[in-house]
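1. one predicted model, sequence on top.
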Amino acid sequence: MPSNEGSTIENTGQLDAVQVRLPSTLSNAFVFACSGIVNTIQTQRNMKIHIFCGLLVALFMMAFSLEPASELALFVCVSLVLSAELINTALEAVVNVCSPGFNPVAKIAKDAAAGAVLVVAIGSILVLVSIAWPLFSDLNALVSQVKVFAIPAATIIMSELYLLFFKKGKKSILYALAALLSLWPFIQNARTIASVALAGALISISALCALREKATVA
């Protein structure tokens, strides 16, 4: 089995140079946690994709007035996927600090972390399909829902795509407001607060990332 002793000794100076921030208060801990989420969204393409897909799931939950149990299952699935991606990003960062050069053991660690995200994502998709399949079997009901929510859904989707993937600017606030206001018809149709909170949180965090990225560039 390959040994990491050489790389550990070699990178001791780099580890010592890392500044560790210890949260002295609960508010600081919350700020650091939010900063980690924002940085992951800004730097990781896959996290942006997960955020976008999570918003689509939230819209689906509200548009079809899912049962509370189904909403809870999907809410947990989205939370697990996002959490797995955060853990994957954190692990990659630690591995990069400890082993900046190529190391087969480090590669195993990164691949395993990415595999964990894939497993959670596939499981979440299967849960979504099992819930959505009976709904899509009724084409008339499906068409009627599409007619009601087509315009607000399109507004939310285009706004979220802009906030996550396109050039940022002062228009980010307008896009975020347009997305949040377009949630109103969905909110009226939602059965629980879980889907509403999920959609609002994902749009808000995307807007925060867009504004923070603009401020950083400026």
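-> Yep, it's here. As the structure is a computational prediction, the values presented were derived from the model and not from experiment.

2. touching, V95 and A109? I think so.
-> Yes: with contact defined as Cβ atoms under 8 Å, V95 counts as touching A109 (5.4 Å). (C-beta placed from N, C-alpha, C; glycine too.)

3. quick check: closest non-adjacent residue to F75.
-> Distance criterion Cβ to Cβ, 6 or more residues apart in numbering; nearest residue to F75, sequence neighbours excluded, is A194 at 4.7 Å.

4. SS state for that neighbour?
-> Recorded secondary structure, A194: helix (DSSP: H, G, I helix; E, B strand; the rest coil).

5. the lengthiest helix in the chain packs against which elements?
-> What stands out as the longest helix in the chain, according to DSSP state H, is helix 104-136. Contacts defined by 3 or more Cβ pairs under 8 Å, 6 or more residues apart in numbering; DSSP states H and E place helix 104-136 against helix 45-63, helix 68-98, helix 139-165.

6. okay, these, which one's buried deepest?
-> Most buried of the helices and strands packed on helix 104-136, by mean neighbour count (mean count of other Cβ atoms under 10 Å): helix 45-63, with a mean of 21.

7. now P134: how far from M62?
-> Applying Cβ to Cβ, to the nearest Å, the value for P134 to M62 is 18 Å.

8. adding mean pLDDT and distance to F32, write the helices and strands packed on helix 104-136 out as JSON lines.
-> Converted to JSON lines, these look like this (pLDDT from 0 to 100; distance: least, Cβ to Cβ, whole Å):
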{"stretch": "helix 45-63", "mean pLDDT": "95", "distance to F32": "17"}
{"stretch": "helix 68-98", "mean pLDDT": "94", "distance to F32": "12"}
{"stretch": "helix 139-165", "mean pLDDT": "86", "distance to F32": "23"}
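
9. and the most centrally placed residue in the chain, what does it touch?
-> Nearest to the mean C-alpha position of the chain, by Cα atoms, centre = their mean, lies I51 at 3.4 Å. With contact taken as Cβ atoms under 8 Å, 6 or more residues apart in numbering, I51 is in contact with I41, L82, E160, L164, L202, I205, S206.

10. tell me who's in contact with the fourth one.
-> Going back to what we said before, that points to L164. Neighbours of L164 in contact, by Cβ under 8 Å, 6+ apart: I41, K48, I51, F52, S206, C209, A210.

11. for the last one, same thing?
-> The contact partners of S206, taken as Cβ under 8 Å, 6+ apart, are I41, I51, E160, L163, L164, A176.

12. any idea which helix or strand carries it?
-> Using DSSP states H and E, S206 falls within helix 193-217.
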